[in-house]
Structure formats: C-alpha cells, structure tokens
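1. Sequence isn't available, so here's the structure alone:
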C-alpha cells in the first residue's frame, strides 16, 4: 500500500467517525431537557402532607413512565429507519454493479448510482450514531423510572404509617392512575 492509499483509508475512517458523531450529536440534542425533578416541598408533618407527597410522587412516576415509553418508541422508529436505509444502500450498490455492464452509457449511470449508494451509506452511519445515543437515553430513563417507583413506594409507606385509616382511604381514592 502506497502513501496515497493509506491517506484514503485514513480519510474514510475519519469520515465514518464524523458521520457517526453527527448522528450521536443530533440524538443527544433532541433530549437535552434532563430528568423530571420532583417539586420541592416542606417536610411532611400532618397526614395531609404525607398524602400530598404521595400524589406528587405518583405524578413524577407517571411522567417518568410516559417519557420511558416515548423513548422506547423513538428507538424502535430509529431501528426501522436504519433497516430501510440499509435496504436502500444494498439496492443502490447492486444496481450500480449491474448497470456498469451496460455498454456505452453503463459507466455514467453506474457512477450516479455509486454516488447515491455512498449517500445512503452516509445516512446509515448517521442513523447508527443516533441509535447508540438513543440506547443510552433509554437506559438512563429506565433508571429514572425505577427511582420514581421507589420514591412512590416510600411515600405510600409513609402515608400509611402516619395517617388514620379513613384518611388513608381518602388519600388512596384521590390518586389518579397513570395513563
């Protein structure tokens, strides 16, 4: 391998890394708002305070679970897009090879198809970068859901320990189910 071929290989590797990085940056910027934070409330002292904390914990859990479902759906959508981009790349590559055999104009058409195949491959690399970041976001969100569920369980236990039976029943009846 001479120096020119080595530079071409290095250029291709850098190009692939840049395209993957662009996809990662796109996906990373799409969900930069951070985690859902519980409102700050004074420490509970009366049964009504424990009930309030339980309702707030339920709201946070519901929001975290909804965000988790949305991220899972987005990851599934990205994977579907990747499948279609890979199929497109494969078809364009096969067409470029096949058309090259046509006399006279085959070379011109094949060059256009190779350019389209290269564009499709660049799209594949960008989408792969997006998928890698989406997997991390989904994993982080699942941890946030676990924390929210634990906080709700703690709030429920505290309410049950600090409220008389009638007020427990009223508080539980006032909890809204997650949608």
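-> Cool, the structure landed. What you see is a predicted model; the values in this text were computed from it and never measured.
2. buried residues in stretch 8-21?
-> By 16 or more other Cβ atoms under 10 Å, the buried positions in stretch 8-21 come out as 19, 20. (C-beta placed from N, C-alpha, C; glycine too.)
3. Not counting it itself, show me its contacts.
-> With contact meaning Cβ atoms under 8 Å, 6 or more residues apart in numbering, stretch 8-21 is reached by 1, 122, 125, 126, 128, 129, 132.
4. average pLDDT for it?
-> For stretch 8-21, mean pLDDT rounds to 79.
5. From the chain's centroid, how far away is that stretch?
-> 24 Å (Cα atoms, centre = their mean, to the nearest Å).
6. Check stretch 150-164 too.
-> With Cα atoms, centre = their mean, you get 33 Å for stretch 150-164.
7. Ok, stretch 126-139 next?
-> 6 Å.
8. What of stretch 110-119?
-> 30 Å.
9. Going by neighbour count, which residues in it are buried?
-> Buried-residue list, stretch 110-119, by 16+ other Cβ under 10 Å: 110, 113, 114, 116, 117.
10. Got the phi and psi for the closest residue to the first one other than its chain neighbours?
-> Read that as residue 110. Closest residue to residue 110 apart from its sequence neighbours, by Cβ to Cβ, 6 or more residues apart in numbering: residue 100 at 4.0 Å. Backbone torsions of residue 100, given as degrees, to the nearest 10, read phi -60, psi -20.
11. Contacts only, for residue 100.
-> Residue 100 is in contact with 106, 107, 110, counting by Cβ under 8 Å, 6+ apart.
12. circling back to that earlier point, I'd like the buried residues of stretch 110-119 laid out as JSON lines, including secondary structure, distance to residue 9 and pLDDT.
-> Output for the buried residues of stretch 110-119, formatted as JSON lines (DSSP: H, G, I helix; E, B strand; the rest coil; distance: Cβ to Cβ, whole Å; pLDDT from 0 to 100):
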{"residue": "110", "secondary structure": "helix", "distance to residue 9": "23", "pLDDT": "92"}
{"residue": "113", "secondary structure": "helix", "distance to residue 9": "23", "pLDDT": "92"}
{"residue": "114", "secondary structure": "helix", "distance to residue 9": "18", "pLDDT": "93"}
{"residue": "116", "secondary structure": "helix", "distance to residue 9": "23", "pLDDT": "92"}
{"residue": "117", "secondary structure": "helix", "distance to residue 9": "19", "pLDDT": "93"}
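13. Alright, I will stop here.
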